[in-house]
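Student: Pasting a predicted model and its sequence here:
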Amino acid sequence: MAEQELPGVLILEIGGPQGVLEDLVELLKKHFRLITMKEFLNNRNEMSKKIQSVFVFECRPTIDRELLESLPNLKVIANSGVGVDHLDLKMISSFGVKVTNTPQAVADSTADIGMALMLASARRLVEGN
């Protein structure tokens, strides 16, 4: 598939403290045309029609009514985290847009930390350190 034919996905930026991890970029580029927020804001008229998805990473970009109104072909907001409490689900669904998340993404890590804290507490490891 040529890049022009790929569905556009809006992201905040590539890399940096709030951008999509550079390790994920190649995978995303196989399936989507990545459009950064800067690129979108510089050419809103052309880019707004190409964007069919928004990839929310680290709660960014912020999804508000103004953004939703400017993306007429938006179909899905893909949240890369477990929770969706930073998203107004009622407002988003009023635009006919679906929201996804990754509910099991940190389940194993959370369980590991929980076990480590219980063992550390039972054996008083923190005091011994």
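Tutor: Received the coordinates, thanks. Numbers count the residues shown, from 1 in each chain.
Student: Asn79 against Pro103, yeah?
Tutor: No - counting by C-beta atoms under 8 Å, Asn79 sits too far from Pro103 to count as a contact (10.2 Å). (Glycine included, C-beta is placed from N, CA and C.)
Student: Point to the residue nearest the middle of this structure.
Tutor: By C-alpha atoms, centre = their mean, the chain has its centre lying nearest to Val56, at 2.2 Å.
Student: does it have beta-bridge partners, and which?
Tutor: Beta bridges link Val56 to Asn79, judged by DSSP bridges.
Student: Between Asn79 and Pro103, which has more neighbouring residues?
Tutor: With neighbours defined as other C-beta atoms under 10 Å, Asn79 and Pro103 compare such that Asn79 has more, 20 against 11.
Student: Show the contacting residues for the more buried one.
Tutor: By C-beta atoms under 8 Å, 6 or more residues apart in numbering, Asn79 lies in contact with 56, 87, 99-102.
Student: Run the chain-centre distance for stretch 30-46.
Tutor: For stretch 30-46, the separation from the chain centroid amounts to 15 Å (computed by C-alpha atoms, centre = their mean, to the nearest Å).
Student: Give me the distance between the two termini of it.
Tutor: 22 Å (C-alpha to C-alpha, to the nearest Å).
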